[in-house]
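1. Fold the following for me, if possible:
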Amino acid sequence: MLRLWHDTSSIGFATENKRITSSFQRYLLDGYAATMIGAAGYNMLLQHYDSRQLSIHHYHIHVTKQTRLFSRSEANSIDLLLLNNGNVMAHVNNECSIQLLPQKILVLKLFFEQTMTIDIMPGKHELICISLHCNIGELLPELEPHFLHSLNKPLEIALAYWLRYQWIELVYTIGKDALTCNMALERVISMLRQLFFYHLAEESTSMPNSLYPGFKLTEIRKAYEAKRIMDTRLNETLRLKELVMFTQWNSQALKQVFAAIFKISPHRYLMRQRLNTAMHMVKYTQETVGQIALKCGFKQSHHFIRRFKETFGKTPGEMRRELWLK
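-> Residues are numbered from 1 along each chain as shown. Predicted coordinates:
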C-alpha cells in the first residue's frame with residue numbers, strides 16, 4: 001500500500017491536521033477519511049478509503065515550487081497509479097524513473113518496505129493510488145504467470161477514454177454509492193483484467209491463446225488490436241474498412257472473430273463505447289454537450305442527444321441537472 005509523505009529536505013516542516021482549508025473543500029469525497037497537510041508553498045489534501053481487500057489514496061496537491069514526496073510500501077501489494085491532472089515524475093525503488101501521464105496508468109508490484117519517490121512540479125495536481133492487498137492468483141488466476149512476469153518492472157498501460165473514466169468514477173463514488181468491499185473489488189478486478197489484456201495484445205509473444213480455445217494467437221491479437229484502435233479513436237469517423245486496413249485483416253474474419261471473443265459486433269462495440277464515454281464526461285467534466293458529442297465521434301449534437309436518450313433514458317442535459325440537484 002502506498003501512502004505519500006512529504007520530504008522535509010524539499011519543503012521543510014509540515015503540519016498535519018483534520019481541518020480542511022476552504023480552497024480544498026470542493027474536493028471532498030463521501031465515504032473517505034480526509035487529512036490536510038501543509039507547509040510554506042505546499043498543501044496536500046489526502047483522502048483515503050480502506051478495506052481488507054483494497055485501499056484508495058486520493059491526493060490533491062498544490063505547490064509553488066518543485067516538491068518531492070516519498071512512500072514506503074507497508075505490505076506486499078499490486079498498486080495502480082493514475083494521474084488525473086498535473087505534472088509528476090515517479091522514481092521506483094531507485095531503479096527507474098517514469099513520467100506519469102493522464103492518458104496512462106502505472107501498474108506496480110511492490111514488496112514490503114520497497115520505496116518510491118515522486119517529484120511534483122509547481123501547480124495543481126490530482127493523483128490516485130489504488131492498492132490491492134489480495135494475492136494476484138486469487139484475482140486473475142488464468143493470467144497469474146503472465147501478469148507477474150510483466151510486473152518484474154513497472155508497467156505503463158495506455159488508457160482509453162472510457163476506461164479512464166471508469167477508474168475515476170470508481171474512486172469518486174465508492175463511498176457515495178455505499179458499495180460493499182466485494183462489489184468494489186469486483187469492479188477493480190474487471191478493469192484490471194481489461195488493462196492487462198491491452199498489454200498482452202501489444203506483446204506479440206505474451207498473449208495466452210489458451211484463454212480463447214479454437215482461435216489462433218494472431219486472430220486474438222488482431223481482435224484486441226481492433227478493440228484498442230476503436231477505444232483510442234472514439235472521436236474519429238471510423239469505418240470497418242479502416243479497421244481492416246489498420247489490422248491487415250479481411251472484413252469477414254474481423255467481424256466473426258471480434259464478435260466471438262467480445263460477444264458484440266465491432267459496430268455495436270464502438271457505439272457503446274462512445275455513449276459510455278459520453279455519459280462519464282457528462283457526469284465528471286464541465287464540457288458542453290456539443291464538445292462531448294464531437295469528442296465521442298458524433299458530428300451532429302441532435303444525433304448524439306437522440307442516441308444518448310435512447311440508451312440512458314434521459315438527455316445529457318437532464319442527466320447533468322439531476323446530478324446538480326443531488
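
2. Helices of this protein, start to end?
-> Taking DSSP state H as the criterion, the chain contains helices spanning 8-11, 136-139, 144-150, 161-173, 181-202, 217-232, 240-247, 251-262, 266-284, 289-295, 301-312, 316-325.

3. In TSV: these, plus distance to residue 43 and mean pLDDT.
-> Using the backbone N, CA and C atoms, a C-beta is placed for each residue, glycine as well. As requested, the helices of the chain are arranged in TSV below (distance: least, CB to CB, whole Å; pLDDT from 0 to 100):
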stretch	distance to residue 43	mean pLDDT
helix 8-11	10	48
helix 136-139	35	62
helix 144-150	36	60
helix 161-173	20	74
helix 181-202	29	68
helix 217-232	35	81
helix 240-247	46	86
helix 251-262	45	90
helix 266-284	23	88
helix 289-295	31	92
helix 301-312	38	95
helix 316-325	28	86
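
4. quick one: which of those helices is nearest residue 52?
-> The stretch from those with the least distance to residue 52 (CB to CB) is helix 181-202; that distance is 6.5 Å.

5. rewinding a little: out of the helices of the chain, which is closest to residue 53?
-> With CB to CB as the measure, helix 181-202 is the member of these nearest residue 53 (4.6 Å).

6. sorry, back to before: output the helices of the chain as CSV; include the columns mean neighbour count and distance to residue 69.
-> Converted to CSV, those look like this (neighbours: other CB atoms under 10 Å; distance: least, CB to CB, whole Å):
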stretch, mean neighbour count, distance to residue 69
helix 8-11, 14, 9
helix 136-139, 15, 26
helix 144-150, 16, 26
helix 161-173, 19, 19
helix 181-202, 17, 24
helix 217-232, 20, 31
helix 240-247, 16, 40
helix 251-262, 16, 40
helix 266-284, 20, 25
helix 289-295, 18, 32
helix 301-312, 16, 39
helix 316-325, 12, 32
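
7. Out of these, flag the one nearest residue 119.
-> Using CB to CB as the measure, helix 8-11 is the one of these that comes nearest residue 119, at 8.8 Å.

8. Name the nearest residue to residue 119, sequence neighbours excluded.
-> Leaving aside its sequence neighbours, residue 119 sits nearest to residue 89 (CB to CB, 6 or more residues apart in numbering; 4.4 Å).

9. The one you found contacts residue 100, correct?
-> Yes. With contact taken as CB atoms under 8 Å, residue 89 and residue 100 are classed as touching, separated by 7.1 Å.

10. picking that back up, could I get the helices of the chain as JSON lines with distance to residue 74?
-> Compiled in JSON lines, those are given as follows (distance: least, CB to CB, whole Å):
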{"stretch": "helix 8-11", "distance to residue 74": "20"}
{"stretch": "helix 136-139", "distance to residue 74": "18"}
{"stretch": "helix 144-150", "distance to residue 74": "21"}
{"stretch": "helix 161-173", "distance to residue 74": "20"}
{"stretch": "helix 181-202", "distance to residue 74": "19"}
{"stretch": "helix 217-232", "distance to residue 74": "34"}
{"stretch": "helix 240-247", "distance to residue 74": "44"}
{"stretch": "helix 251-262", "distance to residue 74": "38"}
{"stretch": "helix 266-284", "distance to residue 74": "30"}
{"stretch": "helix 289-295", "distance to residue 74": "39"}
{"stretch": "helix 301-312", "distance to residue 74": "41"}
{"stretch": "helix 316-325", "distance to residue 74": "36"}
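
11. quick one: which of residue 89 and residue 100 has more around it?
-> Neighbour totals were compared for residue 89 and residue 100, and residue 100 leads with 19 against 15 (other CB atoms under 10 Å).

12. Correct me if wrong: residue 62 contacts residue 39.
-> No. Using CB under 8 Å as the test, residue 62 is too far from residue 39 to be in contact (11.4 Å).

13. Looking only at neighbour counts, state which of those two leads.
-> When neighbours are counted by other CB under 10 Å, residue 62 and residue 39 differ, and residue 62 comes out ahead with 20 against 17.
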